[in-house]
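Undergrad: Have a look; sequence and predicted model below, questions after that.
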Amino acid sequence: MAKPPAKDPIADEAPHVAADLKFEAALAELETIVQNMEGGNLSLEDSITAYRRGSALLAHCQRQLNDAERKIQILDDGVLRDFDPLNGDAR
């Protein structure tokens, strides 16, 4: 019988980010975390906790940006078209 996949202890302990946390608030918190970590004044345990929180906030911000990209539309000759971020043009 196959063994179940091993759990990732870091992912399991990553701090949860509330789905309704606004992008700007998440980004501000992430910037503060980066500044604190770069300052070098955190203990090892605090650095690990900050890294986990920062990773969760980064993923949250990336999801929000991806959602926003899908919502952007361009008015092209009176017709709304979806914005294609890869080409920088309407689809």
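TA: That came through fine.

Undergrad: Could you spell out the sheet neighbours of the longest strand seen in the chain, each with its direction?
TA: Criterion DSSP state E: the longest strand present in the chain is strand 79-84. Here strand 79-84 is paired, per DSSP bridges, with strand 73-76 (antiparallel), strand 89-90 (antiparallel).

Undergrad: mean pLDDT for these: which is lowest?
TA: Between those, the one with the least mean pLDDT is strand 89-90; it has a mean of 58.

Undergrad: Moving C-terminal from the helix or strand bottoming out on mean pLDDT in the chain, which element do we reach first?
TA: Among the helices and strands of the chain, helix 9-13 carries the lowest confidence by mean pLDDT, DSSP states H and E, at a mean of 46. Tracing the chain C-terminally past helix 9-13 and defining elements by DSSP states H and E, one meets helix 23-39 next.

Undergrad: Identify each buried residue in the helix or strand just after that next one, please.
TA: Per DSSP H and E, the first helix or strand lying C-terminal to helix 23-39 is helix 44-71. Of the residues in helix 44-71, 50, 52, 53, 54, 55, 56, 57, 60, 61, 64 count as buried by neighbour count, 16 or more other CB atoms under 10 Å. For glycine as for every other residue, the C-beta is placed from the backbone atoms N, C-alpha and C.

Undergrad: do stretch 30-48 as well
TA: For stretch 30-48, the neighbour count (16+ other CB under 10 Å) marks 30, 33, 42 as buried.

Undergrad: Tabulate those (a markdown table), appending distance to residue 19 and pLDDT.
TA: What follows is the buried residues of stretch 30-48, written out as a markdown table (distance: CB to CB, whole Å; pLDDT from 0 to 100):
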| residue | distance to residue 19 | pLDDT |
| --- | --- | --- |
| 30 | 16 | 97 |
| 33 | 19 | 96 |
| 42 | 27 | 94 |
